[in-house]
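> I would like the atomic coordinates for the input below:
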Amino acid sequence: MPSPQPPHANPDIGPDPIDPTEAAVTELPALVEPVEPDEQPSRTLIGRGPLRGLPVEVAVLSAVAFFVAAGFGIVAPAIPVFARSFGVSRTAAGAVISAFALMRLVSALGCGRLVNRLGERVVLGTGITIVAVSSALAGLSANYGQLLTLRGVGGIGSAMFSVSASSLLLGVTTSGQRGRSMGAFSGGFLLGGIAGPGLGGLVTGWSLRAPFFLYAGTLAAAGAVGLALLPRRAGRHGTGDKPAAQALLTIREAVRLPAFRAAALVNLADNWAAVGTRSALVPLLVVEALHRSPIWTGIGLTVFTLSNIATLTLGSRLADRRGRRPLLLAGCLGSAAGTALLVLPHSLPIFLVAMVVFGLGSGLLDVAPGAMLGDVAGGRGGTVVAAYQMAGDVGSLTGPVLAGLLADTAGFSASFALTTAVLLAAAGVAFRAPETLRRTEPSPT
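Residues are numbered from 1 along each chain as shown. Take a look at the predicted model:
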């Protein structure tokens with residue numbers, strides 16, 4: 001197919017970037033974002049279907065994401081119940097979940113260094129294997145200590161998978177492909193997250209140990225898909241997966257860039273709100289403030305998910321056409337509007353409207369921050385991708401704790417007000433960030 005043309009010169013960002021296949025990299029002015037000086041997009045593109053024109057790696061990674069998310073959804077309902085079967089407290093049961101998240105957080109930078117050293121494909125396969133084996137062994141746990149330890153080990157494998165998969169996705173795509181690619185990847189996780197919990201609930205009712213084995217099976221399927229279908233990348237990692245010498249972007253360099261700071265903070269705020277606060281507080285709000293059946297929790301979360309899906313596809317295309325910055329702002333402000341509605345006097349109609357608005361905003365944030373990260377880092381830094389992931393994990397860990405503490409001391413309205421403030425702060429940082437999308441001329445036919 002015709003090779004992409006270089007971008008237009010832009011007086012706001014300096015002269016045209018050089019051809020990404022050249023070895024040398026020109027030094028950009030100090031105020032310019034260093035966007036993809038060594039971008040090496042995939043040589044194999046999808047020829048038809050909704051992912052037409054995207055690298056084949058995007059389809060493979062999206063399929064892997066589906067299996068991983070479906071498996072996690074299967075095992076998630078069983079974890080606290082299985083832990084309680086050993087006679088431990090509710091706090092100890094919750095610690096099994098926290099151990100997985102905590103080990104993801106503390107091991108992320110090490111996983112990023114492994115990606116830089118060994119390559120994404122090796123780290124991805126190893127990470128999935130670790131989670132699969134640890135999950136199967138967790139199903140055989142004879143006591144609480146074994147379960148806690150094995151879930152922590154699984155967290156390390158999860159970090160290896162997520163850092164390597166994100167690094168690979170961002171490294172094989174061009175700037176104009178990243179919005180759609182992030183949308184497809186997020187969609188795989190989203191669909192897997194929908195498919196898994198229902199089956200997990202049924203399996204848990206039959207056996208508390210069976211979900212762990214089923215989770216290991218879905219991970220084995222994910223690993224097989226990845227290893228069989230992901231092509232080896234030459235160039236950035238030399239021959240096969242062995243790294244070649246290159247100019248990696250360091251964390252110190254990345255944090256100096258307004259675009260990276262905006263992407264990371266928005267990722268933190270989105271995980272605080274959508275992953276942490278929504279999951280931790282919405283079920284309690286429905287039962288304790290609205291005095292409704294838990295069925296309404298499921299309805300509200302389903303409304304959120306459907307709204308999320310509605311904007312995911314649109315947002316992925318807009319990110320590649322209009323840019324990342326407008327979607328960062330719209331996503332933060334939309335999510336903030338949804339949580340702000342939950343500050344109002346509680347009623348069922350307001351709750352359902354809030355879930356719609358919240359989901360619409362969150363769908364945009366499933367695409368734009370990752371695409372902006374890719375524009376900044378390209379395929380030049382596993383540790384930078386790891387730092388971005390850590391920001392999201394910090395939001396997931398601290399959001400439920402701080403919001404829950406405020407709900408206990410000052411009520412649900414104050415708790416959702418705090419989440420609204422976090423999202424608005426992220427919007428402020430995004431407003432000051434530069435646009436990173438590289439607009440290119442259509443390829444000649």
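
> element containing the closest residue in space to Val286 that isn't next to it in sequence, please.
Among residues not flanking Val286 along the chain, Thr297 sits closest, at 4.6 Å (Cβ to Cβ, 6 or more residues apart in numbering). (Each C-beta comes from the backbone N, C-alpha and C, glycine too.) Per DSSP states H and E: Thr297 is located in helix 295-321.

> on that earlier part again, so the residue nearest to Val286 sits against Leu284, correct?
No - in terms of Cβ atoms under 8 Å, Thr297 does not count as a neighbour of Leu284; the distance is 9.0 Å.

> Could you point out the helix or strand that follows the helix or strand hosting Arg117?
Here Arg117 sits within helix 90-118, counting by DSSP H and E. Per DSSP H and E, helix 90-118 leads on to helix 120-138 as the next helix or strand towards the C-terminus.

> Would you mind getting the angle between that following helix and helix 90-118?
Interaxial angle, helix 120-138 versus helix 90-118 (axes from the mean of the first three to the mean of the last three Cα atoms, to 10 degrees): 150 degrees.

> mean confidence score for helix 120-138?
Regarding helix 120-138, the rounded mean pLDDT is 94.

> Thr297 and Leu284 - which one has more neighbours?
More crowded of Thr297 and Leu284, by other Cβ atoms under 10 Å: Thr297, with 18 against 14.

> measure that one to Leu54 for me?
36 Å (Cβ to Cβ, to the nearest Å).

> Please apply the same query to Leu290.
43 Å.

> and the two? which has more neighbours close in?
Counted by other Cβ under 10 Å, Leu290 and Leu54 do not tie: Leu54 has more neighbours, with 23 against 17.

> Retrieve the pLDDT associated with that one.
pLDDT, Leu54: 90.

> That one against Met182, yeah?
No - using Cβ under 8 Å, Leu54 is not in contact with Met182; the gap is 10.7 Å.

> Show me which residues of stretch 319-335 are buried.
For stretch 319-335, a neighbour-count test (16 or more other Cβ atoms under 10 Å) marks 319-320, 323-335 as buried.

> nope, stretch 290-299 is what I meant
290, 292, 296-297, 299.

> Among the residues you listed, show me the least confident.
Scoring the buried residues of stretch 290-299 by pLDDT puts Thr297 last, at 86.

> OK, contacts around that residue?
Going by Cβ atoms under 8 Å, 6 or more residues apart in numbering, Thr297 touches 282-283, 286-287.

> Give the buried subset of those as a PyMOL selection command.
Written as a PyMOL command, the selection of buried residues from those, which uses 16+ other Cβ under 10 Å, is:
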select buried, resi 282+283+286
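
> Which ones among the contacts of Thr297 map onto helices?
282-283 (DSSP state H).

> For the stretch 201-350 of the chain, which segments count as helices?
All helices of the stretch 201-350 of the chain, identified by DSSP state H, counting those that start in this stretch, fall at 210-229, 251-255, 258-270, 278-284, 295-321, 324-341, 348-365.

> packing partners for the shortest one?
The criterion is 3 or more Cβ pairs under 8 Å, 6 or more residues apart in numbering; DSSP states H and E, and the helices and strands that helix 251-255 contacts are helix 382-410.

> which ones are touching the nearest residue to Gly300 once chain neighbours are set aside?
Take Gly300 and drop its neighbours on the chain: the residue closest to it by Cβ to Cβ, 6+ apart is Met355, 4.7 Å away. With contacts defined as Cβ under 8 Å, 6+ apart, the neighbours of Met355 are 282, 300-301, 303-304, 307, 338.

> With Arg84 instead?
Arg84 neighbours (Cβ under 8 Å, 6+ apart): 90, 93.

> make it 10 Å
By Cβ atoms under 10 Å, 6 or more residues apart in numbering, the contact set of Arg84 is 90, 92-93, 96, 144, 208.

> gap between it and Thr91?
11 Å.

> repeat for Phe212
Counting by Cβ to Cβ, the gap from Phe212 to Thr91 is 22 Å.

> again with His346
Taking Cβ to Cβ, one finds His346 at 28 Å from Thr91.

> how about TSV for the contacts of Thr297, with distance to Gly428 and pLDDT added?
As requested, the contacts of Thr297 are exported to TSV (distance: Cβ to Cβ, whole Å; pLDDT from 0 to 100):
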residue	distance to Gly428	pLDDT
Val282	26	88
Pro283	30	85
Val286	31	90
Val287	34	87
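
> Closest one to Val153 out of the contacts of Thr297, please.
Using Cβ to Cβ, Pro283 is the member of these that lies nearest Val153, at 28.7 Å.

> I'd assumed Gly298 was in contact with that closest one.
Yes - at 9.2 Å, Pro283 counts as touching Gly298 under the criterion of Cβ atoms under 10 Å.

> Need the max-distance pair from the contacts of Met355.
Maximum distance among the contacts of Met355 (Cβ to Cβ): 13.9 Å, for Val282 and Ser307.

> shared neighbours, these two?
With contacts taken as Cβ under 10 Å, 6+ apart, the residues that reach both Val282 and Ser307 are 355, 358.

> that older thread, out of the buried residues of stretch 319-335, who's nearest Gly201?
So of those, ranked by how close each gets to Gly201 (Cβ to Cβ), first place is Ser335, at 28.0 Å.

> Just want to check the distance between the nearest residue to that closest one once chain neighbours are set aside and Ser293.
For Ser335, ignoring the flanking residues on the chain, the nearest one in space by Cβ to Cβ, 6+ apart is Gly361 at 3.5 Å. Using Cβ to Cβ, Gly361 is found at 27 Å from Ser293.

> swap in Leu257?
Taking Cβ to Cβ, one finds Leu257 at 48 Å from Ser293.

> Kindly report the same for Ala254.
In terms of Cβ to Cβ, Ala254 sits 47 Å off from Ser293.

> can you check Ala280 too?
Distance, Ala280 to Ser293, by Cβ to Cβ: 19 Å.

> same thing with Glu253?
Plainly put, Glu253 is 52 Å away from Ser293 if you go by Cβ to Cβ.

> Just put the contacts of Met355 in CSV and tack on distance to Arg48.
CSV is the format used below for these (distance: Cβ to Cβ, whole Å):
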residue, distance to Arg48
Val282, 40
Gly300, 38
Leu301, 34
Val303, 33
Phe304, 32
Ser307, 29
Gly338, 37
